[in-house]
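> the amino acid sequence is not available; the structure is as follows:
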């Protein structure tokens, strides 16, 4: 199963302070909107999303249909197929994508320790 680009989405208290901190580690702003309190930062193939006031906990994020540079992939597993596979294995979904839709969609699943995993397809 191909899950696409991986990043960690961090729930931050102060996006300015977090941006400055990650810049000292070699990350640079790759995408996002500072005015809307979110930034995607990149260091080589590592991606970190900084999100102020959007959610409580950190989230593991996968983007089917994207590579680590957010370029669209020609061949990838559609989010609805990934979701169907997980459900066939009796994995409980916290939020589901509409299985009859096409294009962008998302779902959320929790790992055995309660860590949220967002699968968020943009194409």
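Okay, I see it. Here the structure is a predicted model, which means the values were calculated and not measured. Numbers count the residues shown, from 1 in each chain.
> going by C-alpha atoms from here, please, whenever you check contacts or count neighbours.
Fine.
> in a helix, residue 85, correct?
Yes: according to DSSP: H, G, I helix; E, B strand; the rest coil, residue 85 belongs to a helix.
> from residue 46, how far out is residue 8?
Residue 8 is 9 Å from residue 46, where distance means CA to CA, to the nearest Å.
> so the two - more neighbours on which side?
Neighbours were counted for residue 8 and for residue 46 using other CA atoms under 10 Å; residue 8 has more, 18 against 14.
> average pLDDT across the helix or strand containing the more buried one?
Secondary structure assignment for residue 8, by DSSP states H and E: strand 5-12. For strand 5-12, the mean pLDDT works out to 96.
> how about the following helix or strand past it: buried residues?
Downstream of strand 5-12, the next assigned helix or strand under DSSP H and E is helix 15-24. By 16 or more other CA atoms under 10 Å, the buried positions in helix 15-24 come out as 15, 18, 19, 22.
> now helix 15-24 against strand 5-12, angle please.
Between helix 15-24 and strand 5-12, the angle comes out at 130 degrees (axes from the mean of the first three to the mean of the last three CA atoms, to 10 degrees).
> what packs against helix 15-24?
Here helix 15-24 touches strand 46-52, going by 3 or more CA pairs under 8 Å, 6 or more residues apart in numbering; DSSP states H and E.
> between the strand it packs on and strand 5-12, how big is the angle?
Per the same axes, to 10 degrees, the angle that strand 46-52 makes with strand 5-12 is 30 degrees.
> elements contacting strand 46-52?
By 3+ CA pairs under 8 Å, 6+ apart, strand 46-52 packs against strand 5-12, helix 15-24, strand 38-43.
> wait, which of the ones you listed is closest to residue 101?
strand 5-12 (21.5 Å; CA to CA).
> any stretches of the protein with poor pLDDT?
The model of the chain has no residue with pLDDT under 70.
> residue nearest the centroid of it?
Closest to where the C-alpha atoms of the chain average out (CA atoms, centre = their mean) is residue 61, at 2.8 Å.
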